[in-house]
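In: got a predicted structure here, sequence first:
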Amino acid sequence: MIGVYLRLYWEFFKTGLFAVGGGMATLPFLQNIGETTGWYTYGDLMNMLAVSESTPGPIGINMATYVGFSVGGVPGAVIATLGEVTPSIIVILIVAAILRSFRDNVYVDWAFYGLRPASTGLIGAACASVVLEVLTNVETAGGEGSLVKTFRLGDGGLTALLNWRGLLLAALLLALTNWVKPTKKLHPIVFIALSAVVGVAFGFAGT
C-alpha cells in the first residue's frame, strides 16, 4: 500500500506542477493518470468532475482528494491532496522571494506570454473532452504514453451519436441561467442541485 501512496503523491505532484491555468487544466493530466494507472475510467473521471464542481473549493484540489480517497481511502485523499498543493507552495515561496528582482524582466514577461496559450489549450482540450463524454456517445482513448487521442462511436453507431437527454438538460440550463428572468439570478448551486435530482430521477448515468 505504501507504493500506492507514493504513486498518488508523485502523480498529483506532477499535475500540480505542470497544470498551468487552474482546475480545468488538470483534466488532461487526470485523464492520463487514469489511463496509465487503471485507477479509474474516463466515465469515472466525469463523475468526479461533477462532484468536484458541486462542492466548495478549487476543482483541482477536490479532484485530487476524490481520486486519492477512491484509491487509498482517507490516507490516500490526504496524500494526493498534499501532492497537488506542494508544487504551488514551493513556487509561491520562490516567486515571493525573487519577484521584486524579476518583476520587470523581459524574459519573465515572454515566459508568461508563452504560458497563456498553453493553459488555454489545456482548458480547451478538457472542455472538448467533457462535451464529447457528456453530450455525445463519442469515446476518447489513448494508449499509455500516447500523445494522440483516438475517437470512436459508442454502442449504437451514428443513430446514437448524440446524448439527447444530456443535450436537452444542457439547453434547459442555458435558457434558465441566461434568458428566463425569474431564474437567471438564482445561485448556481440551485441548478447544480436540480441537475443532480434530474440525473437520479431519469437515470442519466445509464446513458
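Out: Yep, that arrived. Numbers count the residues shown, from 1 in each chain.
In: Provide the secondary structure category for Leu186.
Out: What DSSP: H, G, I helix; E, B strand; the rest coil gives for Leu186 is coil.
In: burial check on Thr15, number of neighbours?
Out: Thr15 has 25 neighbouring residues, counting by other Cβ atoms under 10 Å. (C-beta placed from N, C-alpha, C; glycine too.)
In: and it, what does it touch?
Out: Thr15 makes contacts with 26, 29-30, 33, 60, 64, 83-84, as judged by Cβ atoms under 8 Å, 6 or more residues apart in numbering.
In: which of those lies closest to Ile192?
Out: Distance to Ile192 across the contacts of Thr15 (Cβ to Cβ) is lowest for Gly60, with 18.4 Å.
In: which SSE is that closest one in?
Out: For Gly60, the host element (DSSP states H and E) is helix 59-102.
In: which helices and strands does that helix pack with?
Out: Of the remaining helices and strands, those touching helix 59-102 by 3 or more Cβ pairs under 8 Å, 6 or more residues apart in numbering; DSSP states H and E are helix 2-18, helix 27-37, helix 42-53.
In: buried ones in the last one?
Out: Neighbour-count burial for helix 42-53, counted by 16 or more other Cβ atoms under 10 Å, picks out 42, 45-46, 48-50, 52.
In: which SSE is immediately downstream of the worst-scoring helix or strand of the chain on mean pLDDT?
Out: When the helices and strands of the chain are compared on mean pLDDT, DSSP states H and E, strand 150-153 comes out lowest with a mean of 62. Per DSSP H and E, the first helix or strand lying C-terminal to strand 150-153 is helix 164-178.
In: extract the C-alpha trace of that next one and format it as CSV.
Out: The C-alpha trace of helix 164-178 is given here as CSV (Å, rounded to 0.1, in the frame of the first residue of the first chain):
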residue,chain,number,x,y,z
TRP,A,164,-30.3,13.7,-26.3
ARG,A,165,-31.2,13.7,-22.6
GLY,A,166,-27.9,15.4,-21.8
LEU,A,167,-28.3,17.9,-24.6
LEU,A,168,-31.9,18.7,-23.5
LEU,A,169,-30.7,19.3,-19.9
ALA,A,170,-27.8,21.5,-21.1
ALA,A,171,-30.1,23.6,-23.3
LEU,A,172,-32.7,23.9,-20.5
LEU,A,173,-30.0,25.1,-18.1
LEU,A,174,-28.6,27.5,-20.7
ALA,A,175,-32.1,29.0,-21.0
LEU,A,176,-32.8,29.2,-17.3
THR,A,177,-29.5,30.8,-16.5
ASN,A,178,-29.5,33.4,-19.3
